[in-house]
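Trainee: Build me a model from this:
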Amino acid sequence: MREILFKGKRKDNGEWVEGWLVGKTCKTILSEAEVSAQIVDNDLVWHEVIPGTVGQYTGLTDINGVKIFEGDVIQKCSDNKDNEFIHDFGRVFWYPPWARFVFKAFNFQYQSIDMYNKYEVIGNAYD
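Mentor: Numbers count the residues shown, from 1 in each chain. Sure thing, here's the model as predicted:
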């Protein structure tokens, strides 16, 4: 079973926190609620995070053991027949038509993220 985790950027100091998403409200036409989100970390401490930075864990780790989340910028490393490395870069997100996590490479092609390829997290879309 896949571990369900989220990460988000804290409002108070801008640091990233991982944990469980325990609340998210959005302002709508019918509601005047303030947009907010909270994540509880492993020590059961609540952190208010910037809602737009919240991303779900894909269930995969990169070649360095770093967890891959929505919003991360990854590079796909795969060997070609000449034993050279091909690098595709893109941002990770959930793609409903395929019902899976993908990254949109900078050549505008959608590529599925799977456990059979090697990836490296090189940043995220919010820093």
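
Trainee: Would you map the strands across the chain?
Mentor: Ranges of strands within the chain are 6-9, 16-25, 36-40, 46-49, 55-61, 67-69, 72-79, 85-95, 100-105, 110-112, 118-124, based on DSSP state E.

Trainee: Counting by contacts, list what the helix or strand bottoming out on mean pLDDT in the chain packs against.
Mentor: Using mean pLDDT, DSSP states H and E, strand 85-95 stands out as the lowest-scoring helix or strand of the chain, at a mean of 80. For strand 85-95, the elements it packs on are strand 55-61, strand 72-79, strand 100-105, strand 110-112, judged by 3 or more Cβ pairs under 8 Å, 6 or more residues apart in numbering; DSSP states H and E. For the C-beta atoms, the positions are set from N, CA and C on the backbone; glycine is no exception.

Trainee: Give me whichever of the strands of the chain is most buried.
Mentor: For these, average neighbour numbers computed from mean count of other Cβ atoms under 10 Å are highest in strand 6-9, which has a mean of 23.

Trainee: G71 is in contact with Y126, correct?
Mentor: Yes. Contact criterion Cβ atoms under 8 Å: Y126 and G71 qualify, at 6.3 Å.
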